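Engineer: Below: sequence and its predicted model.
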Amino acid sequence: MNWKNTEVKNAYLCFLDKIFDNSLSDSNTVLVISDASVKNNVTTLISHIHQDSNIIAKTIYYAINIISTKIELFSVRCGINQAVQVPNTQNIIVITDTIHIARQIFDLSFHPYQLQTIAIAQDFRTFFNKNTSNTITFWDCSSSAK
């Protein structure tokens with residue numbers, strides 16, 4: 001996403017707002033929003049889980065002196081894990097400022113974050129075994145978008 005082009009950014013953010021609004025009116029959709037920031041070697045992650053305009057969970061994680069990739073992937077993992085456990089969930093929408101990290105989930109080659117990705121894959125298997133037409137969608141949203 002080209003966040004420097006204001007017109008493109010605004011159109012994309014309006015699109016994400018529409019996704020958010022539509023998910024709130026669908027009782028079978030769970031929305032996972034995660035945000036990460038690092039300041040003075042302290043990583044702060046916030047994860048929100050929404051369904052039917054209700055906040056199901058809001059979790060805050062703090063980590064000191066840890067690779068940001070690992071903790072960001074952990075945040076996505078926890079959000080997905082909470083979402084797949086919500087009864088009657090058919091659609092999961094993940095909105096994150098770390099979409100480049102979320103891509104690691106689907107990297108089948110050897111990499112240092114495999115333990116996290118294996119745990120996420122197990123959640124995916126549980127979710128898709130419930131119903132093969134279930135969906136999971138990932139969307140990028142820069143932290144600067146607020």
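Structural biologist: Here it is on my side, so go on. Numbers count the residues shown, from 1 in each chain.

Engineer: Buried ones in the worst-scoring helix or strand of the chain on mean pLDDT, by neighbour count?
Structural biologist: Ranking every helix and strand in the chain by mean pLDDT, DSSP states H and E puts helix 99-102 at the bottom, with a mean of 74. For helix 99-102, burial by neighbour count (16 or more other Cβ atoms under 10 Å) applies to 99, 101-102. Bear in mind the C-beta positions are built from the backbone N, C-alpha and C, glycine included.

Engineer: ok, so of those, who is nearest I71?
Structural biologist: I101 (9.4 Å; Cβ to Cβ).

Engineer: Can you verify my assumption that the closest one contacts I71?
Structural biologist: No - contact criterion Cβ atoms under 8 Å: I101 and I71 do not qualify, at 9.4 Å.

Engineer: bridging residues for the nearest residue to A83 once chain neighbours are set aside?
Structural biologist: Spatially, and ignoring its direct neighbours in sequence, A83 is nearest to V30 (4.3 Å; Cβ to Cβ, 6 or more residues apart in numbering). Bridge pairing for V30 (DSSP bridges) gives the partners I92.

Engineer: So what's the residue count around V30?
Structural biologist: 27 (other Cβ atoms under 10 Å).

Engineer: Show me what the least confident helix or strand of the chain is packed up against.
Structural biologist: helix 68-84, strand 135-140 (3 or more Cβ pairs under 8 Å, 6 or more residues apart in numbering; DSSP states H and E).

Engineer: So for K39, which of these sits nearest?
Structural biologist: Across the helices and strands packed on helix 99-102, closest to K39 is helix 68-84 (Cβ to Cβ), at 11.3 Å.

Engineer: Go through the closest one and flag the buried ones.
Structural biologist: 69-84.

Engineer: One more: stretch 101-120?
Structural biologist: Buried, per 16+ other Cβ under 10 Å, within stretch 101-120: 101-102, 104-105, 113, 116-117, 119-120.

Engineer: Can you tell me how far N40 is from Y62?
Structural biologist: 12 Å (Cβ to Cβ, to the nearest Å).
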